[in-house]
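Enquirer: The sequence isn't on hand, but the structure is:
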């Protein structure tokens, strides 16, 4: 893939320069067409250089999270296929775990004597 001539930060700062100086002068200084400055101004709007960096980081994090989700989904599919081959039913993640209120445990019948033995009352 061809490397772009300007970085994203430059693509934002050049139209900002054109706000302070004539567009023809800025385009000549950077070797781009005037229409390019207008297009970038429309595309990037009121963004600053820091905004572009944050946007790029957000995109990278999004891609990383999507990849992790795809890997997890793939693992789940493989586990389901394996269970189907072994003749087992697919269980929910909480299957086999007791609910919090399934076996209430009280401490009313347990007494501990200091220095003595522990026993039921």
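Expert: Nice, thanks for sending it over. Predicted, not measured: the structure shown is a model, and the values here were computed from it.
Enquirer: how about stretch 13-32: buried residues?
Expert: 13, 14, 15, 16, 18, 23, 26, 27, 30, 32 (16 or more other CB atoms under 10 Å). Every residue, glycine included, has its C-beta placed from N, CA and C.
Enquirer: chain center to that stretch, what's the gap?
Expert: 36 Å (CA atoms, centre = their mean, to the nearest Å).
Enquirer: same question, stretch 43-54
Expert: The mean C-alpha position of stretch 43-54 is separated from the chain mean by 20 Å, CA atoms, centre = their mean.
Enquirer: now what about that stretch, what contacts it?
Expert: 8, 9, 11, 12, 13, 15, 55 (CB atoms under 8 Å, 6 or more residues apart in numbering).
Enquirer: of the residues you listed, buried ones?
Expert: 8, 11, 12, 13, 15.
Enquirer: Which ones among these lie within helices?
Expert: Counting by DSSP state H, the part of those found in helices is 8, 11, 12, 13, 15.
Enquirer: tell me which of those is nearest to residue 84?
Expert: Distances from residue 84 to those, taken as CB to CB, are shortest for residue 8 (47.7 Å).
Enquirer: Can you give me the distance of that closest one to residue 31?
Expert: Distance from residue 8 to residue 31, counting by CB to CB, to the nearest Å: 18 Å.
Enquirer: Kindly report the same for residue 2.
Expert: Taking CB to CB, one finds residue 2 at 17 Å from residue 31.
Enquirer: same thing with residue 60?
Expert: 30 Å.
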